[in-house]
Structures are given as structure tokens and as C-alpha cells.
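Chemist: next one to model:
(one chain, ligands or ions: 1)
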Amino acid sequence: MKYNVSKSRYCSAVQCPKILWLKKNNPDAFDSSVMNKAVLDTGSAVGDLAMGLFGDYIEVPFGDLGEMISTTKHLVEARTPVIAEASFSVDGLFCSVDILKVLDSDEVELYEVKSSTSVHDIYYHDAAFQCYVLNRLGYKVKSCNIVHINNQYERCGELDIHEFFTVEDITTGAMLMQRDVATNVDAIREYMEQTSEPCDDIGEHCFSPYSCGFFGYCSRNLPTPNIFDVAGARTSTKFKCYRNGIVSFEDLNTCDLLSGSQYKQIEHELFDYPPYIDTESIRGFMKNISFPLYFLDFESFQPAIPLYDHSHPFEQIVFQYSLHYLEHEDDELKHKEFLAYPGEDPRRKLAEQLCADIPLNVCTTAYNMGFEKGRIRGLAEIFPDLRDHLMNIHDHIVDLMIPFQKKWYYCRAMQGSYSIKYVLPALFPNDPSLDYHNLEGVHNGGEASEAFAKMATMTEDKIELMREHLLKYCGLDTYAMVKVWEKLKEI
Ligand code: SF4
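Modeler: The predicted structure follows:
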């Protein structure tokens, strides 16, 4: 029996046919943590919005494939002008077209919707496969298009979907690939007939266009740790080492393909050195910190579809901050915070409270300050009356990450990373009050974004519970910064 090829299977096979083979024969080896649920949710919200791009439409209900195909057939025969999720099958090949414009009973236009802001190569394969299926069914595909998000769009009032989306005609490229589709489908079917596991090697394709969830499985025979555990090394450098047989940390320690900080990770791992501390550099850095001293951390979310006036697709919208502060060195640690309620634009209230909470000309620390500074600049742009105060905060921010990023302070447990999620447990390995795993509901920035986005549809009880989780999470972020600063102060 012929192996059925859907458009998503086809695109997976374009990346690597072994993905399909393993999904069929060893699905448990797949690490689903590579699948980002927020990205999938965004894709479906954007897809739903795009259905209305050409006026009235009929959506083929999702369900039994046979029913979807016969419903589509009837709709096309009835010359329904716009069909969403129009579904087709021929010779074991299946596709659902995001938006199908029916020009005649045998002439159509295809529109594939993507929640990205540009056209990627893999989209050509996706569209080419759909054209191929329709051509085989006898349809003339007059044009083949990618509908993606226009990142220049700024919402002002009602969402304008014609401005929000950009339509790019890729007909020529998709048509040129038709012969490849036929060849690829044959190759996929032949490949899937293999009864023993194919021996395709790992390579850059494991991370492009998408990170493959089988990477842990396919690299299982490598020594632990190995080149793929080196933090901060480029994928191309990792595979250069790999192809030259330089894989284990022992091998890597004698090669010259990595950077100085990467060798620090390797040496500490191999020789279990005591923590490396560059006292002079850290003391010099600490001179930038003065009192009153503030510790600031933002949480944000990135709606693909702008929710508020004067915001763009995927703009980082800050909805929360935590602020610990010390008036004087020996003062009691105090705390302030802000967390917006869902449903309203959080930016004005947050900016006003931030200006009220952080006085002018004080030292504020952030961990990875590029993020906090970027959000403050954004707020200063849209609220000119608060600009001077916001930019004063911005200009007085000191980045607590620097001593770790520059590896002035490094120990083995940091695993080459300078993210606070690695630095904190490395500095305080036995302190449960600093362990993010002990939090409920929200344990990282991604979960915080997702939680806030979801709050818009929660009941009041759930909103209150989620607010508690968010406040505890963000509060721990700045408390952790205080502890890190205290540690650096001891040096
Ligand atoms: S990890 Fe790489 S080699 Fe293994 S299935 Fe995925 S893409 Fe293919």
C-alpha cells in the first residue's frame, strides 16, 4: 500500500525524510518540547483571521478526511467564490488549502497563510505540493500565493486585515518545482518502505528550517557532554567540529575552533576546576552600582495580531514588572510591582507607575538589560509626556549579567550559560527559595507570556490565581538579582 503523503509530511521530508520514518516507527523518541504551543496557537489565530481576507467565505469543517474532500468538491462545483480549508486528495496525496479562490469550476487560486513576517524557502515546497495535488486533479492553478504578516503594520483603531496581511505571489517558483514534487513523492515512498532504521546522519538540517524533536535520539551515541552541549557556539561551528571527528570535550579541548569562553566551559567540565573569579574586573564593575539601588524585571507578551492602538505585529508588550530596592546599603529590602489586568492596554498605567516607583537619577539594575532598555524606549516613544523620566531610568540601567556574560565569574554548574536560570542555581545550589521549580503555574518567561495572553479568556477566580503565580514568578526574578548582586559584593 502506498504511503500517504500530506503537505505537512511532505514538508517534513523536505527537511529530512528520517523525520517521517521515525514518526512512524519510533514516535516515542520524539522530544515534544521543541514544539512551541504558543507559536502553534498564534498560527491558528492568524489563519482564522486570514479567512476573511477576500470577503465572505465558507469554511470546510475539520473532521473526517473523506467528508472534508466531498464537502470541498460540492462547494467548488457550486462555484463558492472563497473556500477556507478546501481539502483535496489524489493517489494518496492530501492537502488542505488555507484559502481557495474559485474562479471557475476548474480554475482556482491558492493562498497559503503563514504567521511569519516574510516568505521562507520551505513555503515554496508547501505551496508547490498543493499545486501538484490540484493539478493532478485537473484544476488549473491560476496563481499560488503566500499570505504573511506585514511587520510594518501599525494598528490604529479597528484592525485592518488588508494592511495587516501581505500577499506574495509565488506562482512562478511553485510551478518550477512541480517536477521536483513528483520525484520527491516517489523518493519519500521508497524511503518509507525501509524496514530497518535509515542511517542518515545529523547535520545542519536538524535545526533548519525547524528544530527537529528527534535530535536527542539521532545523537544518542555521541559522548556526554559533546560539541552540541557547548553553549554559545554557532551551529555551523558545531557541525564543522562534528564532521572533523572533534566531538567529545576531550577532543574539543585540544582543537582551536572555539572561542575563549567556550574553552572555559570545556575546561571546567573536564577538570572540575573551582569557580573562576576575576576579582579585579568584578570590583571594577561593582563601582558602577550606587544607592539608592533598584532591581527591575519586566514580563512581556508578543501578540502576532496587534491588540492595542500604536502597536505592531509581534511587538513586545510589557504587562508586568517587579522592583526590589534598597534606599541605602544597609537598608531593609523593599518591593514594588505592577501587573496589568487582561483586556486593557497595559502600557500607559505601567509606564506611569514605573515613573512613580523609580525616582530620577537612581541606579537601576536589570539582568540582560537590552530587553528592559528596549521596552522602556518603546514606552518613551508612545508617551512623550513621560519620555524624560523613562529615558532617565533607561540611561541609569546597569546590566548585572555582564560579570557572567564576560565569564569574570564562572563555575562548572553554569554549563557555559550566563542566563540567570543557570547562574542562580550555580551560585545558590541549595536554596529552595531561589528554585524556580518550586513555583506554581509560572516558571519562566515563556509561561508568563502565555499565562497573561490566556487570562483574557479566564474566569475571575482563575485570573486571580494566575495573577498570584505571575507576581510570585516575577518577584523571584528580581529577588534573584538581589542575591546575585550580594554575591558579587562579597568579592
Ligand atoms: S534529528 Fe536530524 S537526522 Fe534525525 S530525524 Fe531529525 S532532522 Fe533527521
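Chemist: drop to CA atoms for contacts and neighbour counts, all remaining ones
Modeler: Will do.
Chemist: for residue 202, which three-state class applies?
Modeler: Three-state call for residue 202 (DSSP: H, G, I helix; E, B strand; the rest coil): coil.
Chemist: mind starting the numbering at 503 from now?
Modeler: Right, with 503 as the first residue, what we last looked at is residue 704.
Chemist: that one touches residue 722, doesn't it?
Modeler: No - using CA atoms under 8 Å, residue 704 is not in contact with residue 722; the gap is 10.9 Å.
Chemist: tell me which of the two has more neighbours.
Modeler: residue 704 (16 against 10; other CA atoms under 10 Å).
Chemist: list the helices and strands the top helix by length along the chain packs on?
Modeler: Taking DSSP state H as the criterion, the chain has its longest helix at helix 962-991. Judged by 3 or more CA pairs under 8 Å, 6 or more residues apart in numbering; DSSP states H and E, helix 962-991 is in contact with helix 781-788, strand 795-803, strand 819-828, strand 836-841, helix 922-929, helix 947-957.
Chemist: again, only this time at 10 Å
Modeler: If you count contacts as 3 or more CA pairs under 10 Å, 6 or more residues apart in numbering; DSSP states H and E, helix 962-991 packs onto helix 781-788, strand 795-803, strand 819-828, strand 836-841, strand 865-868, helix 922-929, helix 947-957.
Chemist: before we move on, back to that, between residue 704 and residue 722, which contacts overlap?
Modeler: Both residue 704 and residue 722 are in contact with residue 716, where contact means CA atoms under 10 Å, 6 or more residues apart in numbering.
Chemist: quick one: pLDDT of residue 802?
Modeler: Here, the pLDDT recorded for residue 802 equals 97.
Chemist: cool, and the one 3 residues further on?
Modeler: Listed pLDDT for residue 805 reads 93.
Chemist: what do you get for the one 4 residues further on?
Modeler: The predicted local distance difference test score for residue 809 is 95.
Chemist: what are the phi and psi values for it?
Modeler: Backbone geometry at residue 809, expressed as degrees, to the nearest 10, gives phi -90, psi -20.
Chemist: residues contacting it?
Modeler: Going by CA under 10 Å, 6+ apart, residue 809 touches 657-661, 815, 817, 819, 845-847.
Chemist: out of these, which is nearest to residue 878?
Modeler: Nearest to residue 878 among the contacts of residue 809: residue 819, at 10.6 Å, using CA to CA.
Chemist: okay, now that closest one: neighbour count?
Modeler: Neighbourhood size, residue 819 [other CA under 10 Å]: 24.
Chemist: hmm, it is touching residue 849, no?
Modeler: Yes - Residue 819 is in contact with residue 849 according to CA atoms under 10 Å; the separation is 7.3 Å.
Chemist: overlap of the contact sets of those two?
Modeler: 810, 880-881.
Chemist: by neighbours, which of the contacts of residue 809 wins?
Modeler: That'd be residue 819 among the contacts of residue 809, by other CA under 10 Å, with 24 neighbours.
Chemist: for that residue, what are its contacts?
Modeler: Remark: with contacts taken as CA under 10 Å, 6+ apart, residue 819 is in contact with 800-805, 808-810, 813, 847-849, 877, 880-881, 951.
Chemist: now do residue 962
Modeler: Shown in contact with residue 962 (CA under 10 Å, 6+ apart): residue 968.
Chemist: so what pLDDT did it get?
Modeler: You'll see residue 962 listed with a pLDDT of 92.
Chemist: how near is it to residue 937?
Modeler: For residue 962, the distance to residue 937 equals 29 Å [CA to CA, to the nearest Å].
Chemist: picking up where we left off before, now render the helices and strands packed on helix 962-991 as a markdown table, adding distance to the ligand.
Modeler: Formatted as a markdown table, the helices and strands packed on helix 962-991 follow (distance: least, CA to the nearest ligand atom, whole Å):
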| stretch | distance to the ligand |
| --- | --- |
| helix 781-788 | 41 |
| strand 795-803 | 30 |
| strand 819-828 | 34 |
| strand 836-841 | 40 |
| strand 865-868 | 36 |
| helix 922-929 | 26 |
| helix 947-957 | 24 |
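Chemist: and residue 741, which of the ones you listed is closest to it?
Modeler: Closest approach to residue 741 among those (CA to CA): helix 922-929, 24.9 Å.
Chemist: so which bits of the closest one are buried?
Modeler: 922, 925-929 (16 or more other CA atoms under 10 Å).
Chemist: mind giving me the packing neighbours of it?
Modeler: Identification of packing neighbours for helix 922-929 by 3+ CA pairs under 10 Å, 6+ apart yields strand 911-912, helix 962-991.
Chemist: and it, what's its mean pLDDT?
Modeler: 94.
Chemist: swap in stretch 978-993?
Modeler: Mean pLDDT, stretch 978-993: 96.
Chemist: cool, stretch 634-654 as well?
Modeler: Mean pLDDT, stretch 634-654: 97.
Chemist: centre of the chain to that stretch, how far?
Modeler: Averaging C-alpha positions (CA atoms, centre = their mean, to the nearest Å) puts stretch 634-654 27 Å from its chain's average.
Chemist: the helix or strand bottoming out on mean pLDDT in the chain vs helix 947-957, what angle?
Modeler: Counting by mean pLDDT, DSSP states H and E, the chain has its least confident helix or strand at helix 539-552, which shows a mean of 85. Put simply, helix 539-552 runs at 40 degrees to helix 947-957, going by axes from the mean of the first three to the mean of the last three CA atoms, to 10 degrees.
Chemist: next up, the contacts around the closest residue to the ligand within the stretch 503-652 of the chain.
Modeler: For the stretch 503-652 of the chain and the ligand, the shortest gap (CA to the nearest ligand atom) falls at residue 521, measuring 4.1 Å. For residue 521, the contact set (CA under 10 Å, 6+ apart) comprises 511, 514-515, 527-529, 532, 708, 714-717.
Chemist: how near is it to residue 989?
Modeler: Distance from residue 521 to residue 989, by CA to CA: 46 Å.
Chemist: please apply the same query to residue 908.
Modeler: From residue 908 across to residue 989, the span is 16 Å (CA to CA).
Chemist: repeat for residue 834
Modeler: Counting by CA to CA - residue 834 and residue 989 are separated by 17 Å.
Chemist: over to residue 919?
Modeler: According to CA to CA, residue 919 stands 18 Å off from residue 989.
Chemist: out of the two, which sits in the busier spot?
Modeler: Using other CA under 10 Å as the criterion, residue 919 and residue 989 rank with residue 919 on top: 22 against 12.
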